[in-house]
Structure formats: C-alpha cells, structure tokens
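Engineer: fold the stuff below for me.
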Amino acid sequence: MEITIDRDKCIGSGACVLASPEVFDQDEDGIVVVLDESPGSAEHASVLEAVRACPARVIEVE
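Structural biologist: Okay, the predicted model is just below:
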C-alpha cells in the first residue's frame, strides 16, 4: 500500500488522524501529514477507513 495526499486540498478535519493515528498526523496548521507512506498490512484497514472518512477526499492509496 502506498499513500499519497493532496495537501493543497486538505481542510484539516482530522478524520484521518482519528481513523489511523499511526499513519496520519496534522501539522501546526491542521493539514494532514503522512507518518508512514507505506504502512504494513496491520494498518491497511485503518488507512482505508481514513480514506472513507476524509470529507475533502485528499487521500489516495495504491
């Protein structure tokens, strides 16, 4: 799994952090930061939940 983010479109809701705090965080402006761009299989379910939870749809996974 590879994660990419469109930080320019992030609205800072924090839904990704709530869904997958091991993989996502927010910077001082509330914009998403990816802590692990290639998380292990143990994190896949929470990352997919973060994708679904993101209101701005800025998270993509391959």
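Engineer: scan the protein for its longest helix.
Structural biologist: helix 44-53 (DSSP state H).
Engineer: measure how far it is from the centre of its chain, please.
Structural biologist: 8 Å (Cα atoms, centre = their mean, to the nearest Å).
Engineer: buried ones in that helix?
Structural biologist: 46-47, 50-51, 53 (16 or more other Cβ atoms under 10 Å). Where C-beta positions appear, they are placed from N, C-alpha and C, glycine not excepted.
Engineer: can you tell me which of those is closest to Asp25?
Structural biologist: Of all these, Asp25 sits closest to Ala50, with 11.6 Å by Cβ to Cβ.
Engineer: give me the distance between the closest one and Asp27.
Structural biologist: The gap separating Ala50 from Asp27 is 16 Å, by Cβ to Cβ, to the nearest Å.
Engineer: with Glu62 instead?
Structural biologist: For Glu62, the distance to Asp27 equals 24 Å [Cβ to Cβ].
Engineer: got the residue ranges for the helices in this structure?
Structural biologist: So, for the chain - with DSSP H - the helices run 15-19, 44-53.
Engineer: of the buried residues of helix 44-53, closest to Cys16?
Structural biologist: Nearest to Cys16 among these, counting by Cβ to Cβ, is Ala50 at 4.0 Å.
Engineer: list the contacts of Ala53.
Structural biologist: Contact analysis of Ala53 by Cβ atoms under 8 Å, 6 or more residues apart in numbering lists 15-16, 18-19.
Engineer: show me which of those are buried.
Structural biologist: Of the contacts of Ala53, these count as buried by 16+ other Cβ under 10 Å: 15-16, 19.
Engineer: could you pull out the strands for this protein?
Structural biologist: 3-5, 24-26, 32-34, 59-61 (DSSP state E).
Engineer: related to what we said a few turns ago, how about the buried ones among the contacts of Ala53 in CSV, adding pLDDT?
Structural biologist: Converted to CSV, the buried ones among the contacts of Ala53 look like this (pLDDT from 0 to 100):
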residue, pLDDT
Ala15, 98
Cys16, 98
Ala19, 98
